[in-house]
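*Asks:* make a model of this:
(4 chains, ligands or ions: 4)
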2 protein chains.
Amino acid sequence: MESFYEQCKANNLKITPQRVAVFKALTSSLSHPSADQIHRELKKEFPNISLDTVNRTLLTFAKADMIDVVEGHGDPRRFDPNQEAHHHFYCISCRGIFDFHDSAVDNISVSPELEKRFTITGKRLCLSGYCDNCRSSQ
Amino acid sequence: MESFYEQCKANNLKITPQRVAVFKALTSSLSHPSADQIHRELKKEFPNISLDTVNRTLLTFAKADMIDVVEGHGDPRRFDPNQEAHHHFYCISCRGIFDFHDSAVDNISVSPELEKRFTITGKRLCLSGYCDNCRSSQ
DNA sequence: TTGACAAATAGGATTGAATCCTATTTAATC
DNA sequence: GATTAAATAGGATTCAATCCTATTTGTCAA
Ligand SMILES: [Mn+2]
Ligand SMILES: [Mn+2]
Ligand SMILES: [Zn+2]
Ligand SMILES: [Zn+2]
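*Replies:* Ligands and ions are numbered 1, 2, ... in the order given. This is a model prediction of the structure:
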């Protein structure tokens, strides 16, 4: 938590009770929660913290590289007609999803321990960054 | 497209002009479109096709394993306090996201050709399936 | 070919998450 | 303690998804 204060300072972020609470709630969670989940959790302690603040705060932390926004599985859904095994590159600028094939990646085998822990039905390498168009227009 | 009719038959799906159009629009697209994008596209040909139909049709195809719903990057966002390099298992039943570490996966190197094509800033293996809880309760 | 019926559609209503807006409050600095 | 820019609360708005139901339509068997 000291590092939280340092990181805030380094990014010129004021330290508010709400920010402290959001950060604590997220770091003490193992479930990759949504803003809404954190908001519900914090309402117990701060009955009138607003969802907008939670959302904004999380995005602020993400922009400061203090936390991550992970590849989602929510809406809006994206659909894929390509039924072959393949992988995806996601452009964080234009939001395009580009297919690629890579046999080295296809042959990745995860540890047997992991295979026991989960029933794995899908396996895909997800790259992200900037597509050719978007990096040249910057 | 013959296989489209076969697949519909095999899954007891009636062949409607809307379904044909949605399937064609998706398979002729390279951009992993959203339901809304397909809807806008189809409105040119079918001015009063409804968004609900497009959405429902795509989900129907996905359930019949004729197309895929890909890992999204939309809402609701999920946040991650874990800043170490790590990977994710996503449970398609309870929607939980579970971290795992795997050095073999960390050391994956994608082809130089791909590195040229994109500016890659993120690399993560995304597994999906059923977590321990969800597979035992089935 | 027609008729019956279950399935599918259109389009309006509802939901839920994210974002926007703006008056008010507050953390940081001196 | 006063100043000031930044942050917050909470209501309004937007947008995608989903629900609802009256109407239409594809399928299949007579
Ligand atoms: Mn794809
Ligand atoms: Mn994680
Ligand atoms: Zn791009
Ligand atoms: Zn689960």
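
*Asks:* so where's chain A uncertain?
*Replies:* Where chain A drops to pLDDT under 70, the residues are A:2, A:73, A:75, A:138.

*Asks:* which residues of it fall in helices?
*Replies:* Counting by DSSP state H, one finds helices in chain A at the ranges A:2-10, A:17-27, A:35-43, A:51-63, A:103-106, A:112-117, A:132-136.

*Asks:* now render the ones you listed as JSON lines, adding mean neighbour count.
*Replies:* C-betas here are computed from N, CA, C, even on glycine. Shown next, in JSON lines, are the helices of chain A (neighbours: other Cβ atoms under 10 Å in any protein chain shown):
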{"stretch": "helix A:2-10", "mean neighbour count": "12"}
{"stretch": "helix A:17-27", "mean neighbour count": "18"}
{"stretch": "helix A:35-43", "mean neighbour count": "18"}
{"stretch": "helix A:51-63", "mean neighbour count": "18"}
{"stretch": "helix A:103-106", "mean neighbour count": "14"}
{"stretch": "helix A:112-117", "mean neighbour count": "12"}
{"stretch": "helix A:132-136", "mean neighbour count": "13"}
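
*Asks:* out of these, flag the one nearest A:P81.
*Replies:* The minimum distance between A:P81 and the helices of chain A falls on helix A:103-106, with 19.3 Å, by Cβ to Cβ.

*Asks:* export only the CA atoms of that closest one, formatted as CSV.
*Replies:* Extracted in CSV, the C-alpha atoms of helix A:103-106 (Å, rounded to 0.1, in the frame of the first residue of the first chain):
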residue,chain,number,x,y,z
SER,A,103,1.9,-23.6,-35.6
ALA,A,104,4.4,-23.0,-32.8
VAL,A,105,1.6,-21.4,-30.9
ASP,A,106,-0.9,-24.1,-31.8
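
*Asks:* on that earlier part again, any chance of TSV for the helices of chain A, columns distance to ligand 3?
*Replies:* Below are those laid out as TSV (distance: least, Cβ to the ion, whole Å):
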stretch	distance to ligand 3
helix A:2-10	29
helix A:17-27	29
helix A:35-43	25
helix A:51-63	19
helix A:103-106	21
helix A:112-117	32
helix A:132-136	3
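
*Asks:* can you lay out those as TSV showing distance to DNA strand C?
*Replies:* Shown next, in TSV, are the helices of chain A (distance: least, Cβ to the nearest atom of the strand, whole Å):
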stretch	distance to DNA strand C
helix A:2-10	7
helix A:17-27	6
helix A:35-43	4
helix A:51-63	4
helix A:103-106	29
helix A:112-117	28
helix A:132-136	18
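
*Asks:* possible to save the ones you listed as JSON lines with distance to B:E84?
*Replies:* Conversion of the helices of chain A to JSON lines gives the following (distance: least, Cβ to Cβ, whole Å):
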{"stretch": "helix A:2-10", "distance to B:E84": "14"}
{"stretch": "helix A:17-27", "distance to B:E84": "13"}
{"stretch": "helix A:35-43", "distance to B:E84": "21"}
{"stretch": "helix A:51-63", "distance to B:E84": "16"}
{"stretch": "helix A:103-106", "distance to B:E84": "21"}
{"stretch": "helix A:112-117", "distance to B:E84": "17"}
{"stretch": "helix A:132-136", "distance to B:E84": "27"}
